[in-house]
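>>> the following block contains a protein sequence and its predicted model.
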Amino acid sequence: MNIQDYLDSTYLKTPEQAGITLQETQKKVIELTDEAIDNNLFAVMIRPNFVKEIREYLNEKNSKVLLGTVISFPEGINSVTEKLTEAEKAISDGADELDFVVNYKEYLQGNLHLVKEEFVKGTKLCLDHNKVAKWIIEIAALNDIQIADLTKHLSTWAEENFKSEDLAKIFVKSSTGFYKTENGKPNGATFEGVKIMLDNAGKLPVKAAGGVRTPEDAKKMIEMGIKRIGTSSAMALVKGDGKIGGY
């Protein structure tokens, strides 16, 4: 098992969140990309405003590292039109993979029509451009029944609207890593939450993001059946540096 083959090495903090300048953030994104190139990581996952620059950088390096970005991050509350507009620009700028945040607040209000609309239209846009679509359901905001239900809905809509050979390009993803929880509750992927997703995702692959903090955890997730891991500490997982903090 090569953990590198599963890793989306991630930096998604804004300068304000990190307490640093835009230039310092840009430097971190370049360093993340160099690290991914040097260690054969599967992908880098960055904010949309850096996609064009990093696409050019990866091309200059003749790198096979894939370039991912996030859409309607981290709350997922943008309208369908806004999400599609953001996604179109990301594709134009050179993103290979788009991780959309599901409007889980609307889901919790019972607005399945809107959630289905954004899922189908966003996924179609990606597939039409030969891109991968990942849908973040934010499991920390849901209970077990809701995790199962929303995952199953995404699976059903995917099979109803897209070809079977395209389903491998449509992921269900656990978390943004930015959700604010109370009482120390995990805000990212947990073994329990990921198992529920895997049990209900049907033919769709699952991505675990946030909270995968040791090589042992990563290996266990992979053995469970996840296809990708999103982490801001990719090299600690690869090198086995012990438990780490962060996303």
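It's in. Every value quoted in this text rests on a predicted model; they were computed, and no experiment measured them.
>>> what's the helix or strand of the chain with the lowest mean pLDDT in contact with?
Here the helix or strand of the chain ranked lowest by mean pLDDT, DSSP states H and E is helix 234-239, holding a mean of 90. Applying C-beta atoms under 8 Å, 6 or more residues apart in numbering, the set of residues contacting helix 234-239 from outside is 3-4, 7, 9-10, 35-36, 39, 41, 212, 214-215, 218, 229, 231, 241-242, 244. The way it works is simple: take the backbone N, C-alpha and C, and place the C-beta from them, glycine included.
>>> is there a quick PyMOL command that grabs whichever of those are buried?
A single PyMOL command suffices to select whichever of the contacts of helix 234-239 are buried according to 16 or more other C-beta atoms under 10 Å:
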select buried, resi 3+4+7+9+10+35+36+41+212+214+215+218+229+231+244
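>>> which of the contacts of helix 234-239 fall in helices?
35-36, 215, 218 (DSSP state H).
>>> the spatially closest residue to Pro215 that is not a sequence neighbour and Gly230, how far apart?
Here the nearest residue to Pro215 in space, its sequence neighbours aside, is Gly240; by C-beta to C-beta, 6 or more residues apart in numbering that works out to 4.6 Å. The span separating Gly240 from Gly230 equals 19 Å under the rule C-beta to C-beta, to the nearest Å.
>>> the two: who's more crowded?
Gly230 (32 against 11; other C-beta atoms under 10 Å).
>>> which residues does the spatially most central residue of the chain contact?
Nearest residue to the geometric centre of the chain (C-alpha atoms, centre = their mean): Asp99, 4.6 Å. With C-beta under 8 Å, 6+ apart as the criterion, the residues that contact Asp99 are 45, 68-71, 73, 134-136, 173, 230.
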